[in-house]
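> Quick one: sequence and predicted model below, then my questions.
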Amino acid sequence: MPYYRVAGEIPRKRHIRFNRPDGGLYAEELMGEEGFSSDSSLLYHVHPPTAIVKSEALSKKISDANLTSNHPLLPRHYRTQDLTPGGDLVLGRQPLVGNDDVVVSYVAAGAESELYRNSVGDEAVYIQAGSARFESVYGVIEAAEGDYVIVPRGTTHRWLPAKNNDSDGPGGDTGDTTPVKALIVEARGHIRPPKRYLSQLGQFLEHAPYCERDLRGVAGPLLARGEDVPVIVRNRAGLTRLTYAYHPFDVVGWDGCLYPYAFNISDFEPIVKRTHAPPPVHQTFEGPNFVICSFCPRPLDFDPRSVPIPYNHHNVDSDELMFYVAGDYSARAGSGVGIGSVTLHPSGFTHGPTPGAVEAVIEAMAAGRTSTDETAVMIDTFRPLALARQASGAEDPEYAWSWARAARSAR
Ligand SMILES: [Fe+2]
């Protein structure tokens, strides 16, 4: 959906001759969704984007999730900080959960990725900590903590973690990288802003919690030189390394409504009610059979008799994954959940605050507390999430009993 943008140099009309300085023609590439029936962008390459010279199958799979059903049924808690850090933002992804619609993975990446293109679906990369340069065929996005970077299907790109600039050391810039911690949502289709926040023609409406001004497009275009350049391409069959005759980053200009962009979670304007508002007010994106929500610092519900944290709920049609990013998540106090935690509350199980948490917040309000500083990212899927075996080492096996433990100790 994002609105029309132009970067670099383009000719006056589509599909007319557009000459390079040497007299040759730039090569057009139309990147379009849903056949020719939805958003697209038209890119102008120095070299033909079709020129491949080699194709090799890769045995490794990105997010080869090795999934197993959540059976026997249990709520789950993973500590992402217990996962092994390393690798890059593409091949270093460690899957947590997934189904036929979506795979959610985590990475603490210190290395630069190869060029990569996901031809299965869009990706949303949420940067929990650190910063990275996202380079793409459209241009560059400098991504930092709190950014969602939405990468449309088929976008050739790479991720470069920022280098430390430690001038205090004897050697000045150390050249080391601080790991970029990110949660990655790989969809099987397109990730877009919620339809209910858009006009018929795609403009954000006044009641939307963010708008066009909050979306950061690329600084571009980005020109790189090179021959025989490999690109990892992911499709439903697996991974292929395609070698291109010329560097794919040879676009002098593009225009259209299809491109990568960033949205920072701190630019989400929370919607509050006098009594507790349900998670749809936090919805930020939607994809096929899932939604992404942002829980941000906000005033506590302000009715004098409000219960200002979630009520117990059983979302009978969805599994709920929550990634705890910052602040103090009062509702799950005492459960072992902290910054970096990922919880999975599946359909078939009623979840809610830790027993005693409601009373504690009411007491805090009486003492003058008026706001919550929590930041969390939630992904609700409309089909059950299976568990990645690789994440089992980071699971808290006692989590499922945390509600009963708290209830019994309060007796
Ligand atoms: Fe919930």
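Everything's here; your move.

> what ranges do the helices span in this protein?
With DSSP state H as the criterion, the chain has helices at 357-366, 402-409.

> residues of stretch 128-138 that come out buried?
By neighbour count with 16 or more other Cβ atoms under 10 Å, stretch 128-138 contains the buried residues 128-130, 132, 134-138. All C-beta atoms are positioned from the backbone trio N, CA, C, and that covers glycine.

> wait, stretch 176-190
The neighbour-count check on stretch 176-190 (16+ other Cβ under 10 Å) flags 177, 179-190 as buried.

> Could you find which two of those are furthest from each other?
Thr177 and Gly189 (32.5 Å; Cβ to Cβ).

> Mark which of the buried residues of stretch 128-138 are part of strands, please.
Using DSSP state E, the members of those that fall within strands are 128-129, 132, 134-136.

> Tabulate those residues (CSV), appending distance to Pro384 and pLDDT.
CSV is the format used below for those (distance: Cβ to Cβ, whole Å; pLDDT from 0 to 100):
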residue, distance to Pro384, pLDDT
Gln128, 25, 97
Ala129, 30, 97
Ala132, 32, 98
Phe134, 32, 98
Glu135, 36, 98
Ser136, 33, 98
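
> Tell me, what's the model's pLDDT at Ile10?
Ile10 is assigned 98 on the pLDDT scale.

> can you pull the contacts of it?
With contacts defined as Cβ atoms under 8 Å, 6 or more residues apart in numbering, Ile10 is in contact with 18, 42, 44, 253-255.

> Please determine how far the residue nearest to Ala224 when sequence neighbours are not counted is located from Gln390.
Excluding its sequence neighbours, the residue lying closest to Ala224 (Cβ to Cβ, 6 or more residues apart in numbering) is Phe249, at 3.9 Å. Note on Phe249: its distance to Gln390, by Cβ to Cβ, to the nearest Å, is 32 Å.

> higher neighbour count, the two?
Taking neighbours as other Cβ atoms under 10 Å, Phe249 and Gln390 compare with Phe249 leading, 25 against 18.

> Ramachandran angles for that one?
Backbone geometry at Phe249, expressed as degrees, to the nearest 10, gives phi -80, psi 70.

> how many neighbours does Ala143 have?
Ala143: 27 neighbours (other Cβ under 10 Å).

> meant to ask about His276, not that
By other Cβ under 10 Å, 16 other residues sit near His276.

> mind checking pLDDT for it?
94.

> ok now do it, which residues does it touch?
301, 306-311.

> One more: Thr243?
52-56, 228-231.

> what does Asn19 give?
25-26.

> Bridge partners for it, pull those for me.
Leu25 (DSSP bridges).

> now it: how far from Tyr26?
From Asn19 across to Tyr26, the span is 7 Å (Cβ to Cβ).

> give me the number of residues near the nearest residue to Phe349 once chain neighbours are set aside?
Residue nearest to Phe349 in three dimensions, not counting chain neighbours: Pro75, with 5.5 Å by Cβ to Cβ, 6+ apart. Look at Pro75: counted by other Cβ under 10 Å, it has 20 neighbours.

> Surely Pro75 touches Gly352?
No: Pro75 is beyond contact range of Gly352, at 10.9 Å (criterion: Cβ atoms under 8 Å).

> follow-up on the earlier one: okay, the ones in strands among the buried residues of stretch 128-138 in CSV with distance to Arg236 next?
Shown next, in CSV, are these (distance: Cβ to Cβ, whole Å):
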residue, distance to Arg236
Gln128, 29
Ala129, 32
Ala132, 27
Phe134, 24
Glu135, 26
Ser136, 22
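
> what's the farthest-apart pair in the residues you listed?
Ala129 and Ser136 (22.1 Å).

> on that earlier part again, go through the ones in strands among the buried residues of stretch 128-138 and name the one nearest Arg12.
For those, the nearest to Arg12 is Ser136 (25.4 Å; Cβ to Cβ).

> How much space separates that closest one from Asp176?
For Ser136, the distance to Asp176 - Cβ to Cβ - is 25 Å.

> next one: Ala219
According to Cβ to Cβ, Ala219 stands 25 Å off from Asp176.

> Same check on Ser392?
From Ser392 over to Asp176 the distance is 31 Å, taken as Cβ to Cβ.

> who touches Arg274 in this structure?
Counting by Cβ under 8 Å, 6+ apart, Arg274 makes contact with 301-303, 306.

> Likewise for Gly287?
101-102, 121-122, 124, 185, 187, 189-192.

> Format those residues as TSV; extra columns: distance to Asn66 and pLDDT.
Shown next, in TSV, are these (distance: Cβ to Cβ, whole Å; pLDDT from 0 to 100):
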residue	distance to Asn66	pLDDT
Asp101	17	97
Val102	16	97
Gly121	20	98
Asp122	23	98
Ala124	22	98
Val185	18	98
Ala187	19	98
Gly189	23	97
His190	26	98
Ile191	24	98
Arg192	29	97
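
> Which member of these is positioned nearest Gln200?
Within the contacts of Gly287, proximity to Gln200 (Cβ to Cβ) peaks at Arg192, which comes in at 14.8 Å.

> Would you list the buried entries among the contacts of Thr243?
For these, a burial check counting by 16+ other Cβ under 10 Å picks out 229, 231.

> Now intersect the contacts of Thr243 with the strands, please.
52-56, 228-231.

> any idea which of the residues you listed is closest to Ala208?
Nearest to Ala208 among the ones in strands among the contacts of Thr243: Val231, at 35.5 Å, using Cβ to Cβ.

> isn't that closest one right next to Tyr244, touching?
Yes: Val231 is within contact range of Tyr244, at 6.1 Å (criterion: Cβ under 8 Å).

> if we can go back for a sec, so what's the residue nearest to Ala224 up against?
Per Cβ under 8 Å, 6+ apart, neighbours of Phe249: 135-137, 156, 222-224.

> how about a cut-off of 7 Å?
Contact partners of Phe249, counting by Cβ atoms under 7 Å, 6 or more residues apart in numbering, are 135, 137, 222-224.

> Between these, which sits nearest Arg196?
Set against Arg196, the nearest of the contacts of Phe249 by Cβ to Cβ is Val137 (31.5 Å).

> Chain neighbours aside, what residue packs nearest to Arg383?
Arg383 sits nearest to Asn99 (Cβ to Cβ, 6+ apart), 5.0 Å away.

> quick revisit: tell me the two of the buried residues of stretch 128-138 that are most distant?
Largest separation among the buried residues of stretch 128-138 by Cβ to Cβ: Ala129 and Val137, giving 27.0 Å.
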